[in-house]
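# Using only what follows, build the 3D model:
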Amino acid sequence: MTEEPRYLLAAHNDALAQEGRAPRFFVRNYGCQMNERDAEKLRALLSQLGYAQTKTQEDADFILYNTCCVRKSAEDKIFGHLSRVKTAKAANKGLFVVVCGCMTQQPDIAQVFRKHPYVNVVCGTANRHRLPEFIWQAMETGAQVIDINEDEGLPELTGVPVTTREYPHKAGVNIMYGCDNYCAFCIVPYVRGREKSRPAADILEEARALAADGVKEIMLLGQNVNAYGKNDKAGEGAFADLLRQVHDIPGLARIRFMTSHPKDFSGALIAAMAELPRVCKSVHLPLQSGSTRVLADMNRQYTQEDYLALTRRLQGAIPDIAITTDIIVGYPGETEEDFEATLAVARQVGFAGAFTFIYSQRSGTPAASRTDTVPRKTANERFERLTATLYPIMEARNQQLVGRTVETMVEEQGKGRTGDNTLVHFTSEKAAYAIGDLIPVRVHTARSFYVKGISSL
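Here you go, the predicted model:
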């Protein structure tokens, strides 16, 4: 990114502010925790350029969509919002629209957006730091700017300081970008690129700054955090070492991480989780399928027994650990026997939570060319059976908390989370707490997705 567009845009917006008001921006984010952290950085970047944030899209002069493409439903939502923006732009010629992120990295997406000329700028996941340049170019020429080229080195927004966060008490910290696994159903490696790890010194500097700013909970983020440092030949213990260093930062009360790939979950990481008191005793461990045959088709690089052995090791080292997961139903070629294997794993592991999906075909992935698709009616029926199996398991786990007092971090009025990420709804006798406080809550009711209790504070 050149400095000139940044300077010119900031000066332009400052001049508008002196004439009346600063132009207002609105960022709509879709997708995962990585995207949420990127959206925070995009908001910070726009603020640096002299834009003022507004809470509603209708009040904005500048709208940015930070997109996701993991499932078709996410894309449908994005184009639904864009159709409404087209109408708004017809009434307000000065409205400026940017689309960036994962969806824009897909093959032939440039051709799609050329049919939507009311979108001023389209950029990708690895060049969003050049946004000031793209905005200025579009303003100066009056032409649509489409640039999804990947820059060398670490992606884009790493160096943008976040000045305002959605949650003052917690924050995400990107430790790596991209994915090298190429699961047959997944578009992420094609839109996020190959794995790249940030230097540990940079991660620790960012984490220390967040702690100094009052952040009590940090989530270390990556498409596959277990692979941190792998391409730098740092060894399988690199992520565990990083976790120990983050744990030593004063002021932090909780440390989480997401997402983990089962094939890369090391013994060193299990030991670190068991030994470090501020590392939360929860882990998100995507299963995707309980069938070894389907797992091989998916290129997941582990078997059903591998997964079960890993969960037994985790539960043996950390008896109260909460394991959550992702499961896909209706993957091409999935038989009734394959699906029953998924139900069997769910029963054996006792998942604390699960993101469940019906398979969504993603153009450009190996699975997209499969012709042995599962009929939608069958997939829907299996999805219902899966949730009917999971929900009682989740509720039974939460029932074990009834009568116990759990340490809860307050996230909003009457709501918080335990260290193992259980959602807690609570009332307080004195209401003497603030967002980010750790308070004791005695649980009296349990449901599949949350518990209820009373705090003595």
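# For the rest of this, base every contact and every neighbour count on C-alpha atoms.
Noted.
# Would you map the helices across the stretch 351-457 of the chain?
376-399 (DSSP state H, counting those that start in this stretch).
# contacting residues around residue 422?
Residues in contact with residue 422 (C-alpha atoms under 8 Å, 6 or more residues apart in numbering) are 449-451.
# again, only this time at 10 Å
Each residue near residue 422 by C-alpha atoms under 10 Å, 6 or more residues apart in numbering is listed here: 282, 322, 352-353, 398, 401, 406, 408, 416, 449-451.
# Only the buried members of these: can you turn that into a PyMOL selection?
Only the buried entries of the contacts of residue 422 go into this PyMOL selection, using 16 or more other C-alpha atoms under 10 Å:
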select buried, resi 282+322+352+353+398+401+406+408+416+450+451
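# Can you tell me which of the contacts of residue 422 is nearest residue 142?
Nearest to residue 142 among the contacts of residue 422 is residue 416, at 47.6 Å by C-alpha to C-alpha.
# Contact partners for that closest one?
407-410, 422-426, 435-439, 441.
# measure residue 432 to residue 127 for me?
Separation of residue 432 from residue 127 (C-alpha to C-alpha, to the nearest Å): 45 Å.
# More neighbours: which of these two?
Set residue 432 next to residue 127 and count neighbours by other C-alpha atoms under 10 Å: residue 127 wins out with 21 against 11.
# Which pLDDT does the model give the more buried one?
Model confidence at residue 127, given as pLDDT, is 84.
# Surely it touches residue 101?
Yes. Here residue 127 reaches residue 101: they are 9.4 Å apart, a contact under C-alpha atoms under 10 Å.
# Point out where the stretch 101-250 of the chain drops to low pLDDT.
Residues of the stretch 101-250 of the chain meeting the criterion pLDDT under 70: 150-164, 233-235.
# Could you identify the most distant pair in the contacts of residue 416?
Every pair of the contacts of residue 416 checked by C-alpha to C-alpha; the farthest is 422 and 435, at 16.9 Å.
# Just give me the closest of the contacts of residue 416 to residue 38.
Nearest to residue 38 among the contacts of residue 416, with distances taken as C-alpha to C-alpha, is residue 436, at 22.2 Å.
# Near the closest one, how many other residues are there?
Burial of residue 436 is recorded as 21 neighbouring residues (other C-alpha under 10 Å).
# for residue 421, same thing?
By the criterion of other C-alpha under 10 Å, residue 421 has 21 neighbours.
# Contacts only, for it.
Contacts of residue 421 (C-alpha under 10 Å, 6+ apart): 256, 280-283, 322-324, 352-353, 408-409, 450.
# Against residue 254, how distant is it?
For residue 421 relative to residue 254 (C-alpha to C-alpha), the value is 11 Å.
# what do these two both touch?
With C-alpha under 10 Å, 6+ apart as the test, residue 421 and residue 254 both reach 280-281, 409.
# Could you identify which of those has the most neighbours?
Busiest of these [other C-alpha under 10 Å] is residue 409, holding 27 neighbours.
# Which strand residues bridge it?
residue 417, residue 438 (DSSP bridges).
# you'd agree it is up against residue 216?
Yes. Using C-alpha under 10 Å, residue 409 makes contact with residue 216 at a distance of 9.4 Å.
# what is in contact with those two at once?
Common neighbours of residue 409 and residue 216 (C-alpha under 10 Å, 6+ apart) are 169, 253-254, 436-438.
# Tabulate those in TSV, adding columns for distance to residue 17.
Shown next, in TSV, are the shared contacts of residue 409 and residue 216 (distance: C-alpha to C-alpha, whole Å):
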residue	distance to residue 17
169	31
253	41
254	41
436	35
437	38
438	41
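# Could you find which two of the residues you listed are furthest from each other?
Longest span within those, C-alpha to C-alpha: 254 and 437, 11.7 Å.
# hey, what's in contact with both of those two?
Counting by C-alpha under 10 Å, 6+ apart, the residues touching both residue 254 and residue 437 are 216, 409.
# would you list every one of the helices in the stretch 151-300 of the chain?
Applying DSSP H, counting those that start in this stretch to the stretch 151-300 of the chain gives helices spanning 188-192, 200-212, 238-247, 267-275, 292-298.
# Residue 171 touches residue 165, doesn't it?
Yes. Counting by C-alpha under 10 Å, residue 171 does reach residue 165; the two are 7.5 Å apart.
# Looking at these two, which is more packed in?
Set side by side, residue 171 and residue 165 show more neighbours around residue 171, with 21 against 16, by other C-alpha under 10 Å.
# circling back: least trustworthy position among the contacts of residue 416, going by pLDDT?
Note: of those, the lowest pLDDT belongs to residue 435, at 91.
# Identify the residues contacting that one.
167-169, 409-416.
# Look up how far residue 213 lies from it.
Residue 435 sits at a distance of 14 Å from residue 213 (criterion: C-alpha to C-alpha).
# What residues sit buried inside stretch 338-349?
Burial within stretch 338-349, assessed by neighbour count using 16+ other C-alpha under 10 Å, is assigned to 338-343, 345-346, 349.
# distance of residue 205 from residue 173?
11 Å.
# More neighbours: those two, which one.
residue 173 (21 against 13).
# on that earlier part again, any idea which of the helices of the stretch 151-300 of the chain gets closest to residue 15?
Nearest of the helices of the stretch 151-300 of the chain to residue 15, taken as C-alpha to C-alpha: helix 200-212 at 32.3 Å.
# orientation of that closest one relative to helix 238-247 in degrees?
Here the directions of helix 200-212 and helix 238-247 differ by 30 degrees (axes from the mean of the first three to the mean of the last three C-alpha atoms, to 10 degrees).
# Other residues contacting helix 200-212?
Contact with helix 200-212 is made by 158-159, 161-162, 168-176, 197, 213, 215-220, 228-229, 238-239, 241-243, 245-246, 248-253, as judged by C-alpha under 10 Å, 6+ apart.
# does residue 302 really touch residue 292, like I thought?
Yes. Contact criterion C-alpha under 10 Å: residue 302 and residue 292 qualify, at 7.7 Å.
# How about residue 401, nearest residue that isn't a chain neighbour?
residue 443 (6.3 Å; C-alpha to C-alpha, 6 or more residues apart in numbering).
# no, scratch that, I was asking about residue 264
Counting by C-alpha to C-alpha, 6+ apart, residue 226 is the residue found nearest to residue 264 once chain neighbours are left out, at 5.5 Å.
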